[in-house]
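> Okay, sequence plus prediction incoming.
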Amino acid sequence: MRVRLMLSTAVLALSAVTAPVLAPPAGAAGTLTIAQAQDPNTWDPISTFLIAWGAVASNMFDGLVLRDEQLTLKPGLATSWEVLDEGMRLRFKLRQGVTFHNGEPFDAEAVRFTMTRLLGPEGAKGPQQSNYTSIGSVEVLDPYTVDIVLKRPDPVMISKLAGYGAMIVPPKYTAEKGSAEFGQHPVGTGPFKVTGYENKVSLTLEPSAGHWDGKPKLDKVVYRFIVEPNTQVAELQAGRVDVASNVPIALIPAITASPSLHLLSTTGPTVTVLRFNTANGPTRDERVRRAMVMAVDREAIVKQILQGHAKAVTSFQSTLSFGFDPAQKPVPFDPAGAKKLLAEAKLPPGTVVSLDFRSNDTTFREVAQAIAGYLTAAGLKAQVRPFEMNLFTNDIIPNGKTGEMFQMGWGGWTFDYDNTAYLMYHSGEHWNPYDKDAGLDAMLEGQRRIADRGEREKALQKIANFVADHALELPLYNVDTYYGVNRRVKGLVVPPDNRFRLIGTSVE
């Protein structure tokens, strides 16, 4: 039985929705108002992996290295770097004359403090530390020269230093305030500084005087935390925000039909999958997991629900990821084979399986309902369970409280499969509450020690095939990201990693 997929007419009708008056029009020249779906709850770089953090805080913090809109690594707080001792020592020449937003000077000691904190007890409380455990020590050679000494080869380290956890923080201020206070009142060296923050309501940025990368054209940036994408679009249509950062596919026509709005999009690294609870319930059985993968027609979902605005994937990575294997074949849609495997597993017909997802993701709600239909056709009784986004990402997933399947989206901000695979599958990782496989752990650890690029790529491809062979997840799609933008906004560039740097953006 093939499940028919269709867009919900209720969702399509939302193009005409209007929102209550939540804020005055965003029309002041020089002020950019952005609707942001999620408040990370902390702005401490060592405490998060959320895209929502990077989309905002990339304007507040600088790293030694930056990545531009073309994904090219370029100097940040380091003006140059060189690789020494056969890759085991990275030497950075630092930018002089830079100060943090509170007036503290940036220098080599700030780099050492940042890395020591990241690798110490404070860093251990967050999800970032495991990305940087190849660092053995940080040596200050002079106030503007610093060496990062590795204890094992790490060919991705330079790229990691452009990432979240390695954003440089002020030693004195951070030590005095402590992590909790710093997370609510962050200080960096970025082009914008925080001038106001109300948790889950809004965050306000203003230009930081004399930033080394140039003066921003904006006078103020206001992020309003609006969870529901339909409300974001309504606020955009009403002129109360300039940018809606979470436009559902069903509402794209509402943006393109407006003369005052336009659509920006990017095909980024973010991939959506359904991960399995491999520790409890029916999905402990690999045959059941494989049957559930076989039961879902992903190509039909992409074509009919996502209207072609995505590509089906074979693993938890996009084509932008180092380690992507173009030769890897997807598990074919095979309803009969799925039923046969479920019978072999002696799973009683009508066994209940839960599919958990973020309640604010209206597009995925349609996808989840379609998947539930496919699984029901295979003989299971699938139920979809929406959860509030912050609860889902901060509690349900990392604490292993999900049902048999749970939605997961990940971009791999290093554009290297290591950043996804290690964090999703290695035992004990923050985002891996279920999988424990010593052999897979060894593969994940081993690829981090391979210096040869070609050999490491093969090792990563082997990991992706291992994950598929053991059906640890149901790969779904790499979807385009859409932003609705008021035409008065100029110079807004959407980077593939969604980490905006708003220096060149202006508002008329």
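Arrived safely.
> So what pairs up with Asn478 in the strands?
Bridge pairing for Asn478 (DSSP bridges) gives the partners Lys311.
> going forward can the numbers begin at 109, since that is how I track them
Sounds good: first residue 109 from here, last item Asn586.
> so after whatever helix or strand Val401 lives in, what's the next helix or strand?
Val401 belongs to helix 394-402 when elements are defined using DSSP states H and E. Proceeding N to C from helix 394-402, the next assigned helix or strand is helix 406-408, under DSSP H and E.
> Give me the residues contacting that following helix.
Residues external to helix 406-408 that are found in contact with it (C-beta atoms under 8 Å, 6 or more residues apart in numbering): Leu113, Ala420, Pro438, Phe441, Pro583, Leu584, Tyr585. (C-beta placed from N, C-alpha, C; glycine too.)
> And the closest residue to Asn502 other than its chain neighbours, which helix or strand is it part of?
Leaving out its chain neighbours, the residue that sits closest to Asn502 by C-beta to C-beta, 6 or more residues apart in numbering is Asn149, at 7.4 Å. For Asn149, there is no host helix or strand (DSSP H and E).
> Quick check: phi and psi on Asn149?
With angles defined as degrees, to the nearest 10, Asn149 shows backbone torsions of phi 80, psi -20.
> Quick one: distance of the helix holding Val401 to the chain centre.
Averaging C-alpha coordinates over helix 394-402 and over its chain gives two centres that are 27 Å apart (C-alpha atoms, centre = their mean, to the nearest Å).
> Please apply the same query to stretch 510-520.
Between the mean C-alpha position of stretch 510-520 and that of its chain there is a distance of 12 Å (C-alpha atoms, centre = their mean).
> and it, how far apart are its ends?
According to C-alpha to C-alpha, to the nearest Å, stretch 510-520 extends 22 Å from its N-terminal end residue to its C-terminal end residue.
> circling back to that earlier point, and the pLDDT at the residue nearest to Asn502?
Looking at Asn149, its pLDDT stands at 93.
> now Leu120
Here the pLDDT value assigned to Leu120 is 37.
> related to what we said a few turns ago, any chance of the contacts of helix 406-408 in TSV, with secondary structure and distance to Gln204 too?
Formatted as TSV, those follow (DSSP: H, G, I helix; E, B strand; the rest coil; distance: C-beta to C-beta, whole Å):
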residue	secondary structure	distance to Gln204
Leu113	coil	59
Ala420	strand	50
Pro438	coil	52
Phe441	coil	59
Pro583	strand	47
Leu584	strand	48
Tyr585	strand	46
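> are any of these buried, and which?
Among the contacts of helix 406-408, those scoring as buried are Leu113, Ala420, Phe441, Pro583, Leu584, Tyr585 (criterion: 16 or more other C-beta atoms under 10 Å).
> could you measure Thr375 against Arg225, distance?
Separation of Thr375 from Arg225 (C-beta to C-beta, to the nearest Å): 35 Å.
> about what we covered before: now flag whichever of the contacts of helix 406-408 is closest to Thr303.
Tyr585 (39.0 Å; C-beta to C-beta).
> need the helices for the stretch 309-458 of the chain, in chain order.
Along the stretch 309-458 of the chain, the stretches classed as helices by DSSP state H, counting those that start in this stretch are 337-345, 360-364, 394-402, 406-408, 443-452.
> and those as JSON lines, adding mean neighbour count?
Output for those, formatted as JSON lines (neighbours: other C-beta atoms under 10 Å):
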{"stretch": "helix 337-345", "mean neighbour count": "25"}
{"stretch": "helix 360-364", "mean neighbour count": "17"}
{"stretch": "helix 394-402", "mean neighbour count": "23"}
{"stretch": "helix 406-408", "mean neighbour count": "18"}
{"stretch": "helix 443-452", "mean neighbour count": "18"}
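> what sits against Glu616?
With contacts taken as C-beta under 8 Å, 6+ apart, Glu616 has the following neighbours: Ala137, Arg596, Lys598.
> Adding distance to Ser188 and secondary structure, write these out as a markdown table.
Conversion of the contacts of Glu616 to a markdown table gives the following (distance: C-beta to C-beta, whole Å; DSSP: H, G, I helix; E, B strand; the rest coil):
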| residue | distance to Ser188 | secondary structure |
| --- | --- | --- |
| Ala137 | 38 | coil |
| Arg596 | 39 | coil |
| Lys598 | 32 | strand |
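> All the helices of the stretch 509-616 of the chain, in order from the start?
Taking DSSP H, counting those that start in this stretch, the helices of the stretch 509-616 of the chain run over residues 525-533, 546-555, 561-577.
> Can you name every helix or strand that the helix holding Val401 contacts?
For helix 394-402, the elements it packs on are helix 443-452, judged by 3 or more C-beta pairs under 8 Å, 6 or more residues apart in numbering; DSSP states H and E.
> what does the next helix or strand after the helix it packs on contact?
Going down the chain from helix 443-452, the next helix or strand is strand 460-466, by DSSP H and E. The contact list for strand 460-466 (C-beta under 8 Å, 6+ apart) reads 382, 389-391, 400, 472-473, 476, 479-480, 483, 488-497, 500-501, 504, 510-515.
> and Ala270, which of the helices of the stretch 309-458 of the chain is closest to it?
Taking those one by one with C-beta to C-beta, helix 337-345 is closest: 28.3 Å.
> same question for that closest one, mean pLDDT?
For helix 337-345, the per-residue pLDDT values average out at 96.
> same check, this time on stretch 266-274
When pLDDT is averaged over stretch 266-274, the result is 91.
> Contacts for that stretch, please.
The contact list for stretch 266-274, computed with C-beta under 8 Å, 6+ apart, reads 153-154, 156-157, 161-162, 165, 171-175, 181, 184, 189, 198, 222-223, 226, 231, 234, 236-237, 239-240, 262, 521-524.
> at 7 Å what do you get?
Outside of stretch 266-274, the residues within contact range by C-beta atoms under 7 Å, 6 or more residues apart in numbering are 153-154, 156-157, 161-162, 171-175, 181, 189, 226, 236, 239-240, 521-522, 524.
> How many residues are close by Gly211?
Other residues near Gly211 number 10, with proximity taken as other C-beta atoms under 10 Å.
> How about the one 10 residues further on?
The number of residues packed around Phe221, counting by other C-beta under 10 Å, is 18.
> And the closest residue to it other than its chain neighbours, how far from Glu212?
Closest residue to Phe221 in three dimensions, ignoring its sequence neighbours and counting by C-beta to C-beta, 6+ apart: Pro279, at 3.9 Å. Shown here: Pro279 relative to Glu212, a distance of 7 Å by C-beta to C-beta.
> Just want to know which of these two has more residues nearby.
Ranked by neighbour count (other C-beta under 10 Å), Pro279 and Glu212 place Pro279 first, with 21 against 17.
> That one touches Met223, doesn't it?
No: with contacts counted by C-beta atoms under 7 Å, Pro279 stays clear of Met223, the gap being 11.3 Å.
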